[in-house]
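> predicted model follows, preceded by the sequence.
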Amino acid sequence: MFYHQDAVLENLSIHRVGNKANDEFYILSEEPIPLQGNEVLPDLLMQYFMKPFAKVQEVYRFFHPNEELQLNEVYHFTKKLFDKEIAFHAYSQHIAKHLYEISEHPKIKAGEVYVVQLKNVQMEGEDREAIGIFKSENKETYLKVYPNQGGFQLDYEQEAININKLDKGVVIVNDEGEEGYKVLVVDQTNSSEAVYWKDSFLQLKSRNDNYQQTGNLMKVYKNFVHEKLDEVFELQTADKIDLMNRSMDYFKSKETFDCAEFEEEVLGNPQAVSLFNDYKHTFEEEFNQPFQDNFNIATPAVKKMQSSYKSVLKLDKNFHVYVHGKREYLEHGYDEERGMSYYKLYYENES
């Protein structure tokens, strides 16, 4: 869990990074922004930078495809900063130049890059120092109304920043440095070129903690039911919903995940268990994310996945049947006379 309410902004440097592919340039400031004595600006900046991270649950690490962390430029310079081998402002300039070098997609927008040094952020119950890197790409126009000679004056501000809309950001927590630090990331851009922030600039991979273990296993199980299991057993939709509901009940009612227990209580079929293990293994190899046989279930990950676990039978355009359990009370058949399929529902009380 990441907690920033007690964090203090110690240093801030701002640079501008253009799009290299469009022959734009970068502009590096010569000095950090002075914040001492300003009672308003630090609080506004902290709201702008940190508010989007309040609900972030996924934790990443830096990595490099060659498995040599020092080749990851953001990691390399961040480690130098945390080890006090480089000054903060020089660090921020290196970061801005690196971001410029990878900004080669023609649709990447130019924008200001804010690099901040933080202390007293709390990560998983421990106070840590951290580095924040943020980029503003989208500007807005604001109206300003103020009193003037017994009336009011109206003015406007173009190309202004909405402090409630951070475009891109990353917080690097000084913990587990040898493994790639604990890294949280925000990217509000949902276009194909947006992957440059996480994949090209930062080069991140999942930390594979309890949150990732829970979320990934639930995703794999969901895909397994709707793709692989259906190929072998030719399941009815009601059967798939029942399997999804049983797994959701398991994750919501248990504190820890036990692989053998899950296979027995949720799948309950040796052939299905074998297929599921093969399916999991394919995921582990493709994404280099091994599953543990036992781990603590992360409730936030369960809540996040719950909305994608559909439990609705959609019958033509006439009926939506919500199935929450008791598969044995739902009977499927085919009416030869009408030439139509049907479901028969058994119940005790109508509300």
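Cool, got the structure.
> going forward, measure contacts between C-alpha atoms and count neighbours the same way
Fine.
> just to be sure, E85 is in a strand?
No: according to DSSP: H, G, I helix; E, B strand; the rest coil, E85 belongs to no strand; its state is coil.
> any weak-confidence spans in the stretch 101-250 of the chain?
Within the stretch 101-250 of the chain, the stretches with pLDDT under 70 are 190-194.
> can you give me the strands in it?
For the stretch 101-250 of the chain, applying DSSP state E, counting those that start in this stretch gives strands covering 111-123, 126-136, 140-148, 151-160, 168-173, 182-187, 204-206.
> and the longest one, what does it pack onto?
Going back to what we said before, that points to strand 111-123. strand 2-3, strand 8-17, helix 88-102, strand 126-136 (3 or more Cα pairs under 8 Å, 6 or more residues apart in numbering; DSSP states H and E).
> need the contact list for I133.
I133 makes contact with 113-116, 169-171 under the criterion Cα atoms under 8 Å, 6 or more residues apart in numbering.
> in the sheet, who's paired with it?
V115, V170 (DSSP bridges).
> sorry, back to before: can you add distance to K317 and give the helices and strands packed on strand 111-123 back as CSV?
Below are the helices and strands packed on strand 111-123 laid out as CSV (distance: least, Cα to Cα, whole Å):
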stretch, distance to K317
strand 2-3, 45
strand 8-17, 52
helix 88-102, 49
strand 126-136, 45
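> for the ones you listed, which one sits closest to T214?
For these, the distance to T214 is smallest for strand 2-3, at 18.0 Å, taking Cα to Cα.
> the closest one: partners in the sheet, and parallel or antiparallel?
strand 111-123 (antiparallel).
> looking at the strands of the stretch 101-250 of the chain, which is buried most?
Counting by mean count of other Cα atoms under 10 Å, strand 168-173 has the highest mean neighbour count of the strands of the stretch 101-250 of the chain, with a mean of 23.
> report the angle between that one and strand 111-123.
40 degrees (axes from the mean of the first three to the mean of the last three Cα atoms, to 10 degrees).
> for strand 168-173, packing partners?
Short answer (3+ Cα pairs under 8 Å, 6+ apart): strand 168-173 packs on strand 126-136, strand 182-187.
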